[in-house]
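**Q** Quick one: sequence plus predicted model below, questions after.
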Amino acid sequence: MCQFTIAHSTTPDALYARAQKAIGGMGGTVSGSPAAGEFRLSVFGAAIVGSYTATDTAIHIEITEKPFLVGCGVIQAQLEKALGEGGGAVA
């Protein structure tokens, strides 16, 4: 449904810990490893589900399920903000 890449300037391990904290703080879950995995959270009673792969410089995210009225750009902006790398999109 949506795919985007967010640049980062930290290690995949630190990014994974940040993602677990941010998504967990929203009542969601992250499973996998710092290199690749899946996440799930609920927004307005609807699920946002996706997968990720991370490198030393970027994280590629694919959203596989989302609420119809929530656009990909909104999800990307919120994930950038949650991961502390706001504005780092490489699309």
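**A** Alright, I've got the coordinates. Numbering: from 1, shown residues only.

**Q** contacting residues around residue 72?
**A** Residue 72 makes contact with 1, 2, 4, 63, 66 under the criterion Cβ atoms under 8 Å, 6 or more residues apart in numbering. Every C-beta, even on glycine, is put in place using the N, C-alpha and C of the backbone.

**Q** at 10 Å instead, please
**A** 1, 2, 3, 4, 63, 66 (Cβ atoms under 10 Å, 6 or more residues apart in numbering).

**Q** so what's residue 39 bridging to?
**A** Beta-bridge partners of residue 39, counted by DSSP bridges, are residue 30, residue 50.

**Q** let me fix that: residue 60
**A** Here residue 60, judged by DSSP bridges, has bridge partners residue 5, residue 53.

**Q** I'd say it and residue 52 touch.
**A** Yes. Residue 60 lies in contact with residue 52 (Cβ atoms under 10 Å); the separation is 6.6 Å.

**Q** These two - which one has more neighbours?
**A** Comparing residue 60 with residue 52 by neighbour count (other Cβ atoms under 10 Å), the higher total belongs to residue 52, at 22 against 15.

**Q** how much space is there between the more buried one and residue 46?
**A** Here residue 52 is placed at a distance of 20 Å from residue 46 (Cβ to Cβ, to the nearest Å).

**Q** Does anything pack onto the helix or strand containing residue 18? Which helices or strands?
**A** Per DSSP states H and E, residue 18 falls inside helix 12-25. Helices and strands touching helix 12-25, by 3 or more Cβ pairs under 10 Å, 6 or more residues apart in numbering; DSSP states H and E, are strand 29-32, strand 36-43, strand 46-54, strand 58-65, helix 72-82.

**Q** For the fourth one, buried residues please.
**A** If I follow you right, that is strand 58-65. Of all the residues in strand 58-65, those buried under the rule 16 or more other Cβ atoms under 10 Å are 58, 59, 61, 63.
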